Each structure stands twice: as C-alpha cells, then as structure tokens.
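Undergrad: Next one to model:
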Amino acid sequence: MKVFYSEIHRRHDPPFEVFDGGLRVPYLENPDRMERILKALRGVDWAEISAPTDFGLEPIAAVHDQEYLDFLTSAWTEWLASDAEDKSTLLPATFALRRQPRRPKSLLGRAGYYMMDLSACIVDGTYEAALASANCALSAAQAVTEGGKSAFALCRPPGHHAGRDYAGGYCFINNAAVAANWLSAKGRVAILDIDYHAGNGTQDIFFDRDDVLTISIHADPDFEYPSFIGFEEERGRGRGLGFHHNFPLHKGTDDAAYLATLDQALGLIGEFKPAYLVLSAGMDIYAEDPLGTVKVTTNGIAEIGKRIASLELPIVVVMEGGYANEALGRNILALLEELK
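TA: Numbering: from 1, shown residues only. Predicted coordinates for the structure are as follows:
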C-alpha cells in the first residue's frame, strides 16, 4: 500500500489549546501522533512511504473560498506585526454569528469569522503544514486512479472539520474533500467519515451536490462537538438532497452497535455505485480515546476495515482524528491491514 506523508506537519505545533471553561491544555493534535503511526507502518512490509506530490493551489481552491485561503496565507505574518501581548498562537476571543454575512477587516475580526473554535490554533508553519497535508490526500487519490487498490494519506493537520470558508477542530484545509472533489472529475465518489466527531466541514462543502455521496457516522451532536451540525435530518439541499447522511451514535456505542450502523452506511454506498471511496479515518472511535465516548475496540476497527473492503472499491484512506497516542499505530494498522 502506498502511504503519503510529509515532515512539514511538524511546523504546525501549537503550544496549547483552550478547553471548555477557558482551561489551557497541551495541544492534543500533536506531532507525536504521526510518530506513533509511522513507527507502526515501518514495522510492516507492505507500507511504501513516500513524500507527496505538490498539486498546487487549484484543487484546494476548488473546494475552499479564496478569501479564506488568503486569510490562512497571511494570518501568522499579520499576527506577528500586531500589538498583541501574547503572540505564541493566533486565537480570537470573538466568533462570528454567520447570520451576519459581513466580513470584518481587522485580523482578529477575520480570525473570528474564519475560525470555528479554540482548537483551530494558528502558529508559524500552520498554513504550510495544511498545504502538505492536502497534497498527501491528493497524492493518495492519484495513486488509486493509477491502479492502486488503496492508498493511505497520513495527513496532519486533519481536515474534516474545515468547511468551505472556516477552520475548526484542528482542521484548516479539508483533505478528504479536496481529494474527493479531484476524483469527482473521473467518476462518482463516496465519502465515508468514521471519525468520532461529525464531519461538519465535509457536509458543508458537498451539501448541494449529487455527484459526491457523503456519509458521517459520529457521536450525536446533541452531546458532542461540533454541536450545531451532524443531525440525522440533515440530508442535503437542492440537487444534493438525499446525497448526505448522518448517523449519530449514543454514548457507549460498542462494536456490535457500531458495525450495525456501518452496514447501513455501506448499503447506501452500494446503491450509489461510486467509482471511488474516500474514507475519513478517525481513530477517536477507540474505546480509550480521551476525546471519545463510544467504545469501539481494536478488533472492532479491524472489522470496520474488513466490511469496507467488501465494497471492492478503490479506497483513499485519509487520516483524521485519534488522540489515544499509545494505541494509535496499532489501531490504524488494524484498519489498513484489511484495506491493503
């Protein structure tokens, strides 16, 4: 299996994030996550690890708003030139109600407009890391169009919380969406998001489209991030009506319950008859993940991979979340072993 990975991810290493109540904590989406996965991949004989190809900005601008990308490009330089007392990371204190469409002119105003939460921390190197991450996803997509059964994009930062014109949940560029949109020129595409949290950004990007089927299996947003999107009744809009599906899960969902839900999702993918599948692979569904409440085991993750493989589609696996670092390599190998 071809694996695409870039060392540039290390340039994105915020010193902290802010939890509910204002608590500063070490950044959970940290470079150690990649170290654990790389160590596991280097211990098998089937992973061919390569640097990604640079696809340029065109495939990224095809799914993201240009003014948002301009903000990501210049935000850090503007932050350093500002009069802020603590310049260790760019985080705004005021966030936009998107009912108000006007884009502010000030840096902090734009940051509040384009950032969804206090985990989308921007530091020196964030934009470069996000670009490299998107190129990993595009390189994996290219690999399956060239005959590969599957390919793994070891993306960091992750992407599925990034919408058309906003960052959130550790995500800045939606890697899976960029890859899926690029593939859509070659055939119908399905995106299956198995991350613990709803793929709000992916939903936002494809909500009006009927050429890309999007499905997200995730913790119910009634009690879990991102809180405002990911409900069962959200099925698409306009041409996209019926081409998006959310499967909210209860706290404590175990292997059997998760796999029963997965079977429903796989049935929908089979009916859609895509040429390609993009899998947003969040390992925070694991029972011991510090941010999760569902209880999927490593064996359950392997079975998820086995059932997805039964679709017999070219699969682009895109790394999303997963914060139980000690188990991260083991869990991603359990998935990929079934997909390779």
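
Undergrad: what residue ranges in this structure are flagged as low confidence?
TA: Applying pLDDT under 70 to the chain flags residues 99, 101.

Undergrad: what ranges do the strands span in it?
TA: 2-4, 17-18, 24-25, 48-50, 150-153, 189-193, 212-219, 244-249, 276-281, 315-319 (DSSP state E).

Undergrad: quick one: contacts of the fourth one?
TA: Put plainly, it is strand 48-50. 1-5, 38, 41-42, 139 (C-beta atoms under 8 Å, 6 or more residues apart in numbering). (Glycine included, C-beta is placed from N, CA and C.)

Undergrad: circling back: ranking the strands of the chain by mean neighbour count, which comes first?
TA: Highest mean neighbour count of the strands of the chain: strand 315-319, a mean of 31 (counted as mean count of other C-beta atoms under 10 Å).

Undergrad: got the angle for that strand vs strand 276-281?
TA: 20 degrees (axes from the mean of the first three to the mean of the last three C-alpha atoms, to 10 degrees).

Undergrad: Which neighbouring elements make contact with strand 315-319?
TA: helix 126-145, strand 150-153, helix 175-184, strand 276-281, helix 325-339 (3 or more C-beta pairs under 8 Å, 6 or more residues apart in numbering; DSSP states H and E).

Undergrad: Could you export these as JSON lines, including distance to residue 309?
TA: Shown next, in JSON lines, are those (distance: least, C-beta to C-beta, whole Å):
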{"stretch": "helix 126-145", "distance to residue 309": "14"}
{"stretch": "strand 150-153", "distance to residue 309": "8"}
{"stretch": "helix 175-184", "distance to residue 309": "18"}
{"stretch": "strand 276-281", "distance to residue 309": "10"}
{"stretch": "helix 325-339", "distance to residue 309": "5"}
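
Undergrad: looking at the ones you listed, which is closest to residue 190?
TA: strand 276-281 (5.2 Å; C-beta to C-beta).

Undergrad: Figure out how far the closest one is from the centre of its chain.
TA: In terms of C-alpha atoms, centre = their mean, to the nearest Å, the gap separating the centre of strand 276-281 from the centre of its chain is 10 Å.

Undergrad: Kindly report the same for stretch 55-69.
TA: 16 Å.

Undergrad: What is the end-to-end distance of stretch 153-168?
TA: This stretch, stretch 153-168, spans 20 Å end to end (C-alpha to C-alpha, to the nearest Å).

Undergrad: Show me which residues of that stretch are buried.
TA: Within stretch 153-168, the residues that count as buried by 16 or more other C-beta atoms under 10 Å are 153-163, 165-168.

Undergrad: These: which two are farthest apart?
TA: 154 and 165 (26.1 Å).
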